[in-house]
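missing the sequence, but the structure's below:
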Ligand SMILES: C[S@@+](CC[C@H](N)C(=O)[O-])C[C@H]1O[C@@H](n2cnc3c(N)ncnc32)[C@H](O)[C@@H]1O
């Protein structure tokens, strides 16, 4: 079919749009006379037929595909909201992701070396949060009173799945376990969130939204935990049962995972970020690891330097302490549970370190960056999962006299619009 030359509405009531660009969340955007229209799963240059709801639209068909369009490998694409980019060739996708970092820095006036995107999908995601809801239908055969899977595109509807090809083999068994849990807990009024983490001792599962458990449910769950080889089951972080303590190796240490604690999404992502942090801080003898989590960086850095770890989660700091005590030959490590948004480390405290690593949540580390900017620490390494808040914080550091030497974007969330990065600042 030849491409239409103007945006329009077909006799079926569907709109025809030309996609002009991609938004930062990965939606195709058509710039129409009435303003931008966002079309998930569409690529720049494509003519598409869509069902419009105001400025949002659902892709119905691609009239003229981009030469960069490829067939997705998962049959749930288009319904499941989990993957935004299985339909795009690798090279333009990778260039777009790197571009998100370049653009965010350019917007705050920082021009620095941005390396090529490092692929860190590895074997796939080692953690997933599934949702479960009672349903009138639409679930795989034999499970038609429940839907267990991921949220649909920009919706709260649960798309029932029984396979997800982007999960790591270590999460094999996670979906059957989630289905079995949902069947046992039978969500009616409220949906359940079932977070499954692949630990080295088995699946670690945290369930939210079930309400208090009756003794009958606990007995059913205990049976199910055995059948599905769960290491531990918690509800809102409270222990329901444990067959094995969930453990993960970080550097030379084995870390007992607190329920639901932060974890880099892929093993390859963790290894890549830790290697970049390690390279950047080589030679430093005393390092502060801010927003340390359970010690992803601290435990590796402590193989050659003294480390002080700060993090708001007390269970994470406790887990780090236990990992340190169980590992011989590490340099001294201290840990403090501290809210670094409200009580950032001050220049006087920062004097003790010849390098500082910070890896905040998506909101960034504005208060801490302002204190770092006023400090004399010679080397600061920023790790981030949000180029925009990183750029804001980087601008504070640059204003305080640091130079952003280089940034390395890391693709841990392949097929999504998320990108991680490591930036190295020196004064
Ligand atoms: C992106 S994670 C990084 C964790 C760790 N560096 C890692 O790689 O596993 C951000 C961490 O910041 C912690 N956090 C969130 N808000 C915080 C705050 N206000 N003060 C200190 N830590 C905070 C979270 O608990 C989480 O562990």
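Everything's here; your move. As the structure is a prediction and not an experimental result, all values here were calculated from the model.

Quick one: the strands in the stretch 251-400 of the chain, in order.
253-256, 286-290, 306-311, 333-337, 355-358, 379-384 (DSSP state E, counting those that start in this stretch).

Of all those strands, which one comes closest to residue 82?
strand 379-384 (22.4 Å; C-beta to C-beta). C-beta: built from backbone N, CA, C; applies to glycine.

partners of that closest one in the sheet?
strand 355-358 (parallel), strand 420-426 (antiparallel) (DSSP bridges).

So for the ligand, which of those sits nearest?
Closest approach to the ligand among the strands paired with strand 379-384 is made by strand 355-358 (7.9 Å; C-beta to the nearest ligand atom).

and the gap between the residue nearest in space to the middle of the chain and residue 290?
Closest residue to the average C-alpha location of the chain: residue 265 at 5.7 Å, with C-alpha atoms, centre = their mean. According to C-beta to C-beta, to the nearest Å, residue 265 stands 20 Å off from residue 290.

mind checking pLDDT for the residue nearest to the centre of the chain?
Looking at residue 265, its pLDDT stands at 96.

Is it in contact with residue 414, as I believe?
No: counting by C-beta atoms under 8 Å, residue 265 does not reach residue 414; the two are 9.8 Å apart.

Which of the three states applies to residue 187?
In three-state terms, and counting by DSSP: H, G, I helix; E, B strand; the rest coil, residue 187 is coil.

Can you report how many residues neighbour it?
24 (other C-beta atoms under 10 Å).

go on, residue 72?
By other C-beta under 10 Å, neighbour count at residue 72 equals 17.

Go through the strands paired with strand 379-384 and name the closest to residue 30.
For the strands paired with strand 379-384, the distance to residue 30 is smallest for strand 420-426, at 29.5 Å, taking C-beta to C-beta.

Nearest spatial neighbour of the residue of the stretch 51-200 of the chain found nearest the ligand, chain-adjacent residues omitted?
Residue nearest to the ligand within the stretch 51-200 of the chain: residue 127 (11.6 Å; C-beta to the nearest ligand atom). Distance criterion C-beta to C-beta, 6 or more residues apart in numbering; nearest residue to residue 127, sequence neighbours excluded, is residue 197 at 4.6 Å.

Can you classify the one you found as helix, strand or coil?
With three-state DSSP as the basis, residue 197 sits in strand.

about what we covered before: looking at the strands paired with strand 379-384, which is nearest to residue 87?
strand 420-426 (22.5 Å).

any idea of the mean pLDDT in the closest one?
For strand 420-426, the mean confidence score works out to 98.

got the contact list for the residue of the stretch 51-200 of the chain closest to the ligand?
171, 195-198, 263, 265 (C-beta atoms under 8 Å, 6 or more residues apart in numbering).

do the same with residue 252
299, 303, 327, 329-330.

most surrounded residue in these?
Most neighbours among these, by other C-beta under 10 Å: residue 299, with 27 neighbours.

Surely that one touches residue 324?
Yes: taking contacts as C-beta under 8 Å, residue 299 lies within contact range of residue 324: 7.2 Å.

Now list whatever residues contact both of those two.
Shared contacts of residue 299 and residue 324, defined by C-beta under 8 Å, 6+ apart, are found at 253, 330, 333.

What is the burial count for the first one?
If I follow you right, that is residue 253. Residue 253: 24 neighbours (other C-beta under 10 Å).

Roughly how far does it sit from residue 322?
Taking C-beta to C-beta, one finds residue 253 at 9 Å from residue 322.

before we move on, the earlier item: need the strands paired with strand 379-384 in TSV (columns: distance to the ligand).
Output for the strands paired with strand 379-384, formatted as TSV (distance: least, C-beta to the nearest ligand atom, whole Å):
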stretch	distance to the ligand
strand 355-358	8
strand 420-426	9
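
Adding mean neighbour count as columns, could you present the ones you listed in JSON lines?
Formatted as JSON lines, these follow (neighbours: other C-beta atoms under 10 Å):
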{"stretch": "strand 355-358", "mean neighbour count": "26"}
{"stretch": "strand 420-426", "mean neighbour count": "25"}
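
for residue 384, what are its contacts?
Residue 384 neighbours (C-beta under 8 Å, 6+ apart): 359-360, 364, 390, 393, 420-421, 423.

Would you agree residue 235 is in contact with residue 209?
No: if you go by C-beta under 8 Å, residue 235 and residue 209 don't touch, sitting 9.2 Å apart.

Who has more neighbours out of these two?
In this view residue 235 and residue 209 are compared by other C-beta under 10 Å, and residue 235 has more residues nearby, 21 against 17.

Let's verify the spatially closest residue to that one that is not a sequence neighbour: helix, strand, or coil?
Closest residue in space to residue 235, ignoring its immediate chain neighbours: residue 207 at 5.1 Å, by C-beta to C-beta, 6+ apart. Classification of residue 207 by three-state DSSP places it in strand.

And for residue 207, the neighbour number?
Look at residue 207: counted by other C-beta under 10 Å, it has 22 neighbours.

okay, it: pLDDT?
So, for residue 207, pLDDT stands at 94.

so it makes contact with residue 191?
No: look at residue 207 against residue 191 with C-beta under 8 Å: they stay out of range, at 11.3 Å.

Scan this structure for its longest helix.
Looking across the chain with DSSP state H, the single longest helix is helix 90-107.
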